[in-house]
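[1] Let's see this in three dimensions:
(chains A, B, C and D)
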There are 4 protein chains.
Amino acid sequence: MFFASDNAGPVHPQIMNRLAQANSGHAMPYGNDAIMDEVRDAIRTTFEAPEAAVYLVATGTAANALALACYTQPWQTIFCSVTSHIHEDECNAPEFYAGAAKLTMVETDDKMTPEALTKAIEKHPEGNVHGAQRGPVSITQVTERGSVHSLEELNALTAVAKRYDLPVHLDGARFANALVALGCSPAEMTWKAGVDVVSFGGTKNGCMGVEAVIFFDPAKAWEFELRRKRGAHLFSKHRFLSAQMAGYLQDDLWRATARQANDNARYLADGLRAAGATMLHEPDANMIFAKWPRRIHQKLQAAGAKYYVMDGPLDSGDPDTPLSARLVCDWSVGTEAIDQFLSYF
Amino acid sequence: MFFASDNAGPVHPQIMNRLAQANSGHAMPYGNDAIMDEVRDAIRTTFEAPEAAVYLVATGTAANALALACYTQPWQTIFCSVTSHIHEDECNAPEFYAGAAKLTMVETDDKMTPEALTKAIEKHPEGNVHGAQRGPVSITQVTERGSVHSLEELNALTAVAKRYDLPVHLDGARFANALVALGCSPAEMTWKAGVDVVSFGGTKNGCMGVEAVIFFDPAKAWEFELRRKRGAHLFSKHRFLSAQMAGYLQDDLWRATARQANDNARYLADGLRAAGATMLHEPDANMIFAKWPRRIHQKLQAAGAKYYVMDGPLDSGDPDTPLSARLVCDWSVGTEAIDQFLSYF
Amino acid sequence: MFFASDNAGPVHPQIMNRLAQANSGHAMPYGNDAIMDEVRDAIRTTFEAPEAAVYLVATGTAANALALACYTQPWQTIFCSVTSHIHEDECNAPEFYAGAAKLTMVETDDKMTPEALTKAIEKHPEGNVHGAQRGPVSITQVTERGSVHSLEELNALTAVAKRYDLPVHLDGARFANALVALGCSPAEMTWKAGVDVVSFGGTKNGCMGVEAVIFFDPAKAWEFELRRKRGAHLFSKHRFLSAQMAGYLQDDLWRATARQANDNARYLADGLRAAGATMLHEPDANMIFAKWPRRIHQKLQAAGAKYYVMDGPLDSGDPDTPLSARLVCDWSVGTEAIDQFLSYF
Amino acid sequence: MFFASDNAGPVHPQIMNRLAQANSGHAMPYGNDAIMDEVRDAIRTTFEAPEAAVYLVATGTAANALALACYTQPWQTIFCSVTSHIHEDECNAPEFYAGAAKLTMVETDDKMTPEALTKAIEKHPEGNVHGAQRGPVSITQVTERGSVHSLEELNALTAVAKRYDLPVHLDGARFANALVALGCSPAEMTWKAGVDVVSFGGTKNGCMGVEAVIFFDPAKAWEFELRRKRGAHLFSKHRFLSAQMAGYLQDDLWRATARQANDNARYLADGLRAAGATMLHEPDANMIFAKWPRRIHQKLQAAGAKYYVMDGPLDSGDPDTPLSARLVCDWSVGTEAIDQFLSYF
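    Coordinates of the predicted model:
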């Protein structure tokens, strides 16, 4: 009954196999391994982007912070949602990598709106040397509240960015979960929608620790390589990053694990609704925000279920008061664990 | 015939096994996994340091830059050898992590001397607001020229640092190779010798990508955790860093692989000498710097041997002119490959 | 009719005289001039703080950014009002000086409230390595909307900070204007109210370009000196900063000019109200936010009056629509200019 | 008898007069004052550079650090002399402003040589992601040892930089002293010699605290403005920087004060030689490095003479041992003080 995060699940066997295969003899270090050539080709094909610059790092925060740094001057501000991972969960890494730039919160409870984005940008008039200057727009897909922007919504946001000539970053730590939810192509969810650079997540969806950073315009390639090295994120035994990503892409594993995670979440959400819980956000992908009475939380936690209770306290107060929770399903959560979880309701 | 670097070799099977074992079900992320508890205990025992704060990161540059940052103010300078990895091979990562601090070169061809270190420190008088302030001393063991400081030499250097009340960092990317060369205990080569924090390397010696940072005084523990997260070096699926280090420490594998690497290097060095090559530095551990005629280089490279030729050009000039080379042996290089290499002389 | 800012007025003759007096022969550079000793003593006496560390810089942004940097770690966030100068008007200088720290907006239209401050702090739970850590609280007195916190209000804010063990910075670019508005002592508005460090402004109140940074606990003294030098804010011919501050403090000139500025603003505000303008904030010191019909703005601007129109456009639209304006009075604005200004209503 | 530094002298009366004249009524802040227009024109004319971007800051360190930052990426290294002010006397300000870039020492005792510069650049091969990347070359004119590069020497250095496509910065804290020593035009010593940006010093040569930064290619103009603001170096009452620079340029005052300073130094140097002192560097401008017996130093210091004794101790040891000293003459040092000084020999 582990629903605390999709970053706590196991590595998919197909990826473990690729790691084992890669572990033969010597290989050129620092991204010059042959598997990386295979990965680069596979990603360019998958994204219909034959010119894209493709790099691997081991953490999602590294992917985001390095990608954004390539598009942010130290005197600029990055426009992001108040719930975004780059603002809430990266301990100032984006600011650090962007040379002490600022993050400006676009007012929203979940998905950014074009209106709120426009308002945030307009607060920073051009040519005013005193304020932070306009920088990139960072969109999170899946959002940290479990929502998925439709292609229309994405395009509306990037249209605002383009109107102000601002680059667009997509935090795709759960890229695959969003993609299978929308049923569109990777190109449609990225460069065709006006995205300049994407953090393409692997770790939360069955890898050990690997994320790709994909620049659709390769002009930033060398700068990224220098920033990655300077950030201490260039792996000497890089083939083991490459092997993970190769295994992840092989035979569309990445879509399969994402579909499984989303299906698990839907199954759990249906069960929760049937058991009387209230959904706080509509779960578009593999994250559920819901509330139910304290006494059921107490039973679940006593039984060892792992998930975040977002208000509290858990251990005292009216047992009928509903408390909010976040539940995340990764690909490996089976219906058995979900049924067991629901049995406590 | 791969002697380009010990960071290009395979992962030892014992470590691969530990990764496979760790890959079962869910585990708490971000260093809260149970294997990390095991690793912490093992390192504390190994270093006879029951209070030490122990952390894992995935690259040697991250270990060095984060460890140094905890002991360096932005207005200070780090004292290091001109050949040190932190100066030559980390693309300003130490400066980046230390908030734009400076590195001051201690004049030396290889190992730092107490006299040269004293001279470098004395150039930065206390209380002079105009110059960079004195910061930590960073010692590389094994040096980038393949030398190992004796315990006497180490103690003499740290004595200088202590005289000026400066902290000491040990870059131990090849810690194990140095240790087995000296035949001393980890404690003797670190805290008993006045070292405050050590980068304890795993990657070059049979791991996939893991280094421990060990603070003998745990006062910096929380600061390190924040710096690691801010640097994007905190792994969500941390158990796979832990598992590598657990496998590395288990049954003293780390000493065995280091011994093998050093033995390989000695075997190669003996062969080179016998073949008429000239040693440029005495190889104390697993690195060899030697020179031999251009024509032999040409044959070796044509045969696919991988190593660095440090002067050149390789392809033209007097075939009898000696050219310098760097050769590094990792644990997996067998005598067969070495014999094959030597056969071209 | 210059009401655009109090940073555009002339230097008071008493200060010009001190500059001229100081300009005799050679003087020790870098803050070692004799006038600085006089200034330090005068400030310690004025603030009833015999141990205070006192430094001079030339700009308000330098005073704020350097003072805050001494109390902020790069992984922390500074709590400030959304209208604060450090957030809106310093082009990321606080972030730059604090090593890429974050600024967290305390929700408010003008003065910070203890509730809003508490809420902002509580959003950053202790011990959560993923989010920005709690850093100092920065209070602006006079606020950028022209309001002055009462001593009760100040004490309530610092009480919140102290409850969380957070240091308190006071941005006193208009310190004197606030002080004479409250009629309290400098000690009451600073250390007796729980302020740890204050930017004590001179530039906007009759100086040429000088601000004092006053640490009530001198523990940060040497760090400040290094940060000031590293920021390129240590003046070689420092005596000319000292002379300004000496002239400013002499015979309470600073209170006199502030009183004059506040009186000017009150006279202008009374006139505006009498002329039918609407006050947007009650002007506690020397800044006025008010609105009146577009057609009167058009006449005023045509006549050369200088002030900020905060919405618009000025040149087209219904002539009766009220537009908001910011008017700032410095000490040198006379009633003649004000009467002239009011004559256009 | 004040020879400690030219940054400790008084402000020239002509500049004080311009400050007094500027102090009338209100003026637009932040560099939008009318006097700045006059200064910009005067500098463009003086440098025969009608397109140059011209900015003022108050300290030499700010001028250097901001100018260099515009040409340095954080992963690059700045090539400078080991005696340069940016390395020895700016407490890591260049590193801070350049986002944690490195400084690489060009080996030299005084003036940089093309050979040493080439060697330093060649140590950083292109395309090597592991090392610091090549950044700008910074030349100091007058050097910190009192030497002036001839135009031939300057051109030889910039030719090296251009060969590697590296920008060139000239630290001209003593620009005027060098210029009058060479008897050439400002254009010849800057853009005609391949300099891209110059710190044009005023403070050491009769101003209160002002330096111009002149970009011969205005492409960096807006970036500089943002960096200056972010560094807290944009003055609100900017007219008082402008007025200093206007007074400095008026009727070639800057050349006159520099000539006076150089003449003073020559008079002093001749006297020292006549008195038996040994010159350590040939004094090309207004700085003298010489040595003479300890006992004469003791007499001089007892008499209140101010200058740096560079070895020591002063107070004990053989009275006949020669000790080295640095003496700097500013424009205001008269022959009377020099004669008095020489009388102790």
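[2] and stretch A:45-53, is it in reach of chain D?
    No - using CB under 8 Å from any CB of the partner chain, stretch A:45-53 stays clear of chain D, coming no nearer than 14.0 Å. (Glycine included, C-beta is placed from N, CA and C.)
[3] Quick check: buried residues in that stretch?
    A:46-47, A:49, A:52-53 (16 or more other CB atoms under 10 Å in any protein chain shown).
[4] Repeat that for stretch A:178-185.
    Neighbour-count burial for stretch A:178-185 [16+ other CB under 10 Å]: A:178-182, A:184.
[5] Show me which of those residues is closest to C:F224.
    A:A178 (48.4 Å; CB to CB).
[6] ok, now which ones touch that closest one?
    Shown in contact with A:A178 (CB atoms under 8 Å, 6 or more residues apart in numbering or on different chains): A:141-142, A:148-149, A:172, A:189, A:284-285.
[7] Look up how far chain D lies from it.
    32 Å (CB to the nearest CB, to the nearest Å).
[8] And for A:H85, the neighbour number?
    21 (other CB atoms under 10 Å in any protein chain shown).
[9] Cross-check the contact I'm expecting between it and A:G172.
    No - between A:H85 and A:G172 there is no contact under CB atoms under 8 Å: 10.9 Å.
[10] residue in the stretch 51-200 of chain A nearest to chain D?
    A:W75 (4.4 Å; CB to the nearest CB).
[11] Name the nearest residue to that residue, ignoring sequence neighbours.
    D:L226 (4.4 Å; CB to CB, 6 or more residues apart in numbering or on different chains).
[12] follow-up on the earlier one: with distance to A:W292, pLDDT and secondary structure as extra columns, can I get the buried residues of stretch A:45-53 in JSON lines?
    Compiled in JSON lines, the buried residues of stretch A:45-53 are given as follows (distance: CB to CB, whole Å; pLDDT from 0 to 100; DSSP: H, G, I helix; E, B strand; the rest coil):
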{"residue": "A:T46", "distance to A:W292": "40", "pLDDT": "98", "secondary structure": "helix"}
{"residue": "A:F47", "distance to A:W292": "40", "pLDDT": "98", "secondary structure": "coil"}
{"residue": "A:A49", "distance to A:W292": "44", "pLDDT": "98", "secondary structure": "coil"}
{"residue": "A:A52", "distance to A:W292": "45", "pLDDT": "98", "secondary structure": "coil"}
{"residue": "A:A53", "distance to A:W292": "46", "pLDDT": "98", "secondary structure": "strand"}
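[13] For A:F2, state which of those residues is nearest.
    Nearest member of the buried residues of stretch A:45-53 to A:F2, counting by CB to CB, is A:T46, at 29.7 Å.
[14] contacting residues around the residue nearest to the closest one when sequence neighbours are not counted?
    Spatial nearest neighbour of A:T46, excluding adjacent residues (CB to CB, 6+ apart): A:P186 at 5.5 Å. Residues in contact with A:P186 (CB under 8 Å, 6+ apart) are A:46-48, A:175, A:179.
[15] repeat that with 7 Å
    A:46-47, A:179 (CB atoms under 7 Å, 6 or more residues apart in numbering or on different chains).
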